[in-house]
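**Q** Have a look at this prediction, sequence included:
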Protein chains: 6
Amino acid sequence: MTQENSHILSANLTHLDREGQAQMVDVSEKTPTVRQAVAAAQVRMLPETFAAIQAGNAPKGDVLGTARLAGIMAAKQTANLIPLCHPLPLQKVEVLLTPDAQLPGYQIQATVKTKAETGVEMEALTAVSVAALTLYDMAKALEKSIQIESIQLISKTGGKSGDYYQ
Amino acid sequence: MTQENSHILSANLTHLDREGQAQMVDVSEKTPTVRQAVAAAQVRMLPETFAAIQAGNAPKGDVLGTARLAGIMAAKQTANLIPLCHPLPLQKVEVLLTPDAQLPGYQIQATVKTKAETGVEMEALTAVSVAALTLYDMAKALEKSIQIESIQLISKTGGKSGDYYQ
Amino acid sequence: MTQENSHILSANLTHLDREGQAQMVDVSEKTPTVRQAVAAAQVRMLPETFAAIQAGNAPKGDVLGTARLAGIMAAKQTANLIPLCHPLPLQKVEVLLTPDAQLPGYQIQATVKTKAETGVEMEALTAVSVAALTLYDMAKALEKSIQIESIQLISKTGGKSGDYYQ
Amino acid sequence: MTQENSHILSANLTHLDREGQAQMVDVSEKTPTVRQAVAAAQVRMLPETFAAIQAGNAPKGDVLGTARLAGIMAAKQTANLIPLCHPLPLQKVEVLLTPDAQLPGYQIQATVKTKAETGVEMEALTAVSVAALTLYDMAKALEKSIQIESIQLISKTGGKSGDYYQ
Amino acid sequence: MTQENSHILSANLTHLDREGQAQMVDVSEKTPTVRQAVAAAQVRMLPETFAAIQAGNAPKGDVLGTARLAGIMAAKQTANLIPLCHPLPLQKVEVLLTPDAQLPGYQIQATVKTKAETGVEMEALTAVSVAALTLYDMAKALEKSIQIESIQLISKTGGKSGDYYQ
Amino acid sequence: MTQENSHILSANLTHLDREGQAQMVDVSEKTPTVRQAVAAAQVRMLPETFAAIQAGNAPKGDVLGTARLAGIMAAKQTANLIPLCHPLPLQKVEVLLTPDAQLPGYQIQATVKTKAETGVEMEALTAVSVAALTLYDMAKALEKSIQIESIQLISKTGGKSGDYYQ
């Protein structure tokens, strides 16, 4: 690859400077606007694991409630986990876990909002990931083969680069 | 559900006490042994995104190197992210990212080792998850539809509950 | 309780959504204003413990100085400790520890200021709590029965919901 | 105070060296043993606030569940909050919130266990404090005058300095 | 020293209140402006250590890349490390490591930008310090006598107190 | 450089695997022993800055006391700051700041102890670095040209690789 090509490619890869080195890029020229991102994940398990969580969850809500709180708290740790993420004020973090008997398992969705120079996709993706990991942690004594699947961005609105809907 | 049934189910759900409340359970009776866990994830993207990372990655290794380091550092944050995880000393954290042209995308694998009273499944799963999220973060300017798939435990060895191989 | 009643009650409990689930609620519609909160706590101990701290403190100020710094630093950790607190920039954190020979013990007061969409009551309360815990930690070899009492909000100014004075 | 007296007093104040300076003292000569500490706090509120939490809590358990998880997670942050605390592995953290209609309000109790060279009093005290602060945070829209009272050590067992019961 | 003199001196020492006590001072009256700080450090080592890093670094870039990322991530931890630093949003963090065969060793430079009421000198200084510490960590098996030298502020622009150039 | 040479060099660079990739290497085969490391740094300033700190410091000890506490707390954050450091229990952290009128400025020394499979050089070096940064932060209103110099390892004892004295 020529030096010139390297520059062109780097321009498209987030967080790389002209030498191809990872940096936390300058966003001070961008205008702070309200930005929102929605991300999703699903956690697939055996029917009997799903039944046990659904049953065990009924009286106290602890399995799903713990996963939801872990996801919310993780959104606030995003800039400490993802090396090149800008630290941002967050103005809303909502995590929802919905039972899906067809899967069987749980659908997880997170919505994060900020008023900042850059978006909160990583915060939403981190929230669903950690909520899913927590669900695994709570149920791993029942089944070690639980899988976290399809962590993805559903939508992103409010930035200059245009809205995105999956 | 009867009170009695609730107790039986709770006994199988990790981290719930007899009232169904989430707690960080007592492991002080368990013997510290060397324990290892291996987890995996894959990150699927468009062929052109994969080509750009592979090309851009050649001279400096920053995209994959950044993801690898993020995964290693995240393993050390596991007990701060997963509410009921015990804080453990870690004696090895290895994260590998392998290009997979068939996917196309990357296979991620993490191996974590401890000498402790409880295992490191969550540390290995957290490492691959955050490495995958970082890969997304580095490439999201190229493609927002990148998906993190199949986060799962590959093996777990060294605890009293017996070894597990997927 | 009917579903309808549940909605009414939830509306008054901070951080619960319409399903009664804890979330970090949306404050993006609120206007950023300068907000200040003052909180207080007191630490009660035996007269001889108080005398020892007062005496030991004279030459170097370490007991009270350590507690003061711990309170200031804890204010900056509030959003990591209190699950549904919004992360906020802080523009002032002041912690004062005053000996109170009548108690006997120490009065602790914290003043926290921000320019944000939501208030800093929790930051002020966290600051006095951790300052008090640190005082306990520094003196626990002398007396284990030291008590932290009356952690409370003294005032809150600057938000739309009106000022509060105890 | 004479220099000599200063030495005597410092010897009794935890964490001060011979110059009266705060340090994280050497515990490497101590034998690791199983140690447990129990701490308590109470949160006092108006009868109507108590009624609202009790009612709102019924279907989902989120107010008390959130406070319980916050207390557990805070125990793991103790060495980062209390400047001179030794970082310790924790083998059990249990936080219980019990409604007390007489108060009215909630009794909070935390039990923490480790196998280490030093005790976990501060971890137990930190857990009840942060659980109480979270309860305040969840209910502060209903009542700002909620008070956290009587944070204290209930018992401490397992160290060389002898057991302590309040 | 008289009480009056103490006040005068304290006024010039950042972070001390009128009693000479360390506080996180009020910056809410200051206007948020774009502020930038540049800091530098150098890491000196034996010629053979330098040669080994330069050679070993060629194929993967891991030694310098790891140090660069550690510096960037540390900038985001500044307010958690330096007790009286205000937590700030950061809009750019760039860390550069340049081989210096004359030293022999590496020159490290960090540039940090914010739009805030106070500057980012400490963030830039923390970034170069942790990048240098990481370089030491990566090479300490080769040579324990590596030295970190001349951590200093190169420039500071954008605040009301005037620009500074070394 | 040939592939073979790369392997030889990597073997000498800490934290690189056979591919030259940074990893947190396996220390589970090593025996836990008591290990101690001592590190030093010096902070050089103008005579008038030194005089002001010495004077201002007399009544309350806050400048030096704050730096000392910051160093102690930073030692506990080492594994979160230095990417490939193993998280270790720490059994002693002592930070001393000594005025040096000849410099003029301050000599900083940190002693850290653990009982673990690997040493605490990085913890001691991190402690002196953050204590020095805090000193800078406290005095930067007086002088921006303060320099942190000569961060270095003084000694390391207790590991299998043999003791080291500078």
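**A** Yep, that arrived. Numbers count the residues shown, from 1 in each chain, chains lettered A, B, ... in the order given.
**Q** Any residue of stretch A:26-39 touching chain B?
**A** No: shown here: stretch A:26-39 not in contact with chain B (Cβ under 8 Å from any Cβ of the partner chain), separated by at least 10.0 Å. From N, CA and C alone the C-beta is placed, and that goes for glycine too.
**Q** Leaving aside the residues adjacent along the chain, what's closest to A:Ser145?
**A** B:Gln166 (6.7 Å; Cβ to Cβ, 6 or more residues apart in numbering or on different chains).
**Q** which ones are touching the one you found?
**A** A:Ser145, B:Gln152, B:Leu153, B:Ile154, B:Ser155 (Cβ atoms under 8 Å, 6 or more residues apart in numbering or on different chains).
**Q** How about A:Met122?
**A** A:Thr78, A:Ile82, A:Cys85, B:Leu133, B:Tyr136, B:Asp137.
**Q** hmm, 7 Å instead?
**A** A:Thr78, A:Ile82, A:Cys85, B:Leu133, B:Asp137 (Cβ atoms under 7 Å, 6 or more residues apart in numbering or on different chains).
**Q** Out of the residues you listed, which comes closest to E:Gly162?
**A** A:Cys85 (32.2 Å; Cβ to Cβ).
**Q** Next up, the contacts around the closest one.
**A** Counted by Cβ under 7 Å, 6+ apart, A:Cys85 has contacts A:Thr78, A:Ala79, A:Met122, B:Asp137.
**Q** what about the nearest residue to it once chain neighbours are set aside, which helix or strand?
**A** Distances taken as Cβ to Cβ, 6+ apart put A:Ala79 closest to A:Cys85, at 4.5 Å, once the chain neighbours are dropped. Using DSSP states H and E, the element containing A:Ala79 is helix A:78-81.
**Q** Do a quick rundown of the strands in chain A.
**A** Per DSSP state E, chain A carries strands over the ranges A:33-44, A:92-100, A:105-116, A:147-157, A:164-165.
**Q** For the ones you listed, could you give me TSV that also reports distance to B:Thr111 and mean pLDDT?
**A** Converted to TSV, the strands of chain A look like this (distance: least, Cβ to Cβ, whole Å; pLDDT from 0 to 100):
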stretch	distance to B:Thr111	mean pLDDT
strand A:33-44	23	97
strand A:92-100	29	96
strand A:105-116	26	96
strand A:147-157	18	97
strand A:164-165	35	94
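**Q** beta partners of A:Ile148?
**A** Here A:Ile148 shows beta-bridge partners A:Val43, B:Ile151, assigned using DSSP bridges.
**Q** Could you check how many residues crowd around it?
**A** 27 (other Cβ atoms under 10 Å in any protein chain shown).
**Q** any idea how chain A splits into domains?
**A** According to automatic domain parsing, chain A is divided into the following domains: A:1-27, A:31-160.
**Q** Measure how the single longest helix found in chain A sits relative to helix B:121-139, angle-wise.
**A** Using DSSP state H, we find that the single longest helix of chain A is helix A:121-139. Going by axes from the mean of the first three to the mean of the last three Cα atoms, to 10 degrees, helix A:121-139 is angled at 160 degrees with respect to helix B:121-139.
**Q** what's the angle from helix A:121-139 to strand B:33-44?
**A** 140 degrees.
**Q** Now do helix A:121-139, average pLDDT.
**A** For helix A:121-139, the mean per-residue pLDDT is 97.
**Q** Please give the centre-to-centre distance between that helix and its chain.
**A** 7 Å (Cα atoms, centre = their mean, to the nearest Å).
**Q** now stretch A:96-113
**A** On Cα atoms, centre = their mean, the centre of stretch A:96-113 falls 13 Å from that of its chain.
**Q** So the residue nearest to A:Ser145 versus chain D, what's the distance?
**A** 29 Å (Cβ to the nearest Cβ, to the nearest Å).
**Q** swap in A:Gln36?
**A** From A:Gln36 to chain D the distance is 24 Å (Cβ to the nearest Cβ).
**Q** ditto for A:Val93
**A** 14 Å.
**Q** swap in A:Thr66?
**A** 6 Å.
**Q** If you drop the residues flanking it in sequence, what lies closest to that residue?
**A** Nearest non-adjacent residue to A:Thr66 (Cβ to Cβ, 6+ apart): B:Ala22, at 4.9 Å.
**Q** list the contacts for the residue nearest to A:Cys85?
**A** Counting by Cβ under 7 Å, 6+ apart, A:Ala79 has contacts A:Cys85, A:His86, A:Pro87, E:Lys76.
**Q** How many neighbouring residues does A:Ala75 have?
**A** 28.
**Q** Return the per-residue confidence for it.
**A** Confidence score, pLDDT, at A:Ala75: 98.
**Q** That one is in contact with A:Glu123, isn't it?
**A** Yes: counting by Cβ atoms under 7 Å, A:Ala75 touches A:Glu123, with 4.5 Å between them.
**Q** Overlap in contacts, the two.
**A** A:Leu90, A:Val112.
**Q** any idea how far A:Val112 is from the spatially most central residue of chain A?
**A** Per Cα atoms, centre = their mean, the C-alpha nearest to the average position across chain A is that of A:Leu125, at 1.1 Å. Noted for A:Leu125: a distance of 9 Å to A:Val112, by Cβ to Cβ, to the nearest Å.
**Q** How many residues are close by the spatially closest residue to A:Met24 that is not a sequence neighbour?
**A** Of all residues not flanking A:Met24 in the chain, E:Val93 sits nearest, at 4.0 Å (Cβ to Cβ, 6+ apart). For E:Val93, the tally of surrounding residues (other Cβ under 10 Å) stands at 27.
**Q** how about the residues of chain A near chain E?
**A** A:21-28, A:79-80, A:83-84, A:86-89, A:117 (Cβ under 7 Å from any Cβ of the partner chain).
**Q** try 10 Å this time
**A** A:15, A:17, A:19-30, A:32, A:79-89, A:116-118 (Cβ under 10 Å from any Cβ of the partner chain).
**Q** Got a quick ChimeraX command for the buried subset of those?
**A** A single ChimeraX command selects the buried members of the residues of chain A next to chain E (16 or more other Cβ atoms under 10 Å in any protein chain shown):
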select /A:15,20,21,22,23,24,25,26,27,79,80,81,82,83,84,85,86,87,88,89,116,117,118
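**Q** one step back: out of the contacts of B:Gln166, the closest to chain C would be?
**A** B:Leu153 (27.0 Å; Cβ to the nearest Cβ).
**Q** and of the contacts of A:Ala79, the nearest to C:Ala67?
**A** Nearest member of the contacts of A:Ala79 to C:Ala67, counting by Cβ to Cβ, is E:Lys76, at 26.9 Å.
**Q** who's in contact with that closest one?
**A** A:24, A:79-80, A:83, A:85-87, E:87-88, E:90, E:93, E:112, E:123, E:126-127 (Cβ atoms under 10 Å, 6 or more residues apart in numbering or on different chains).
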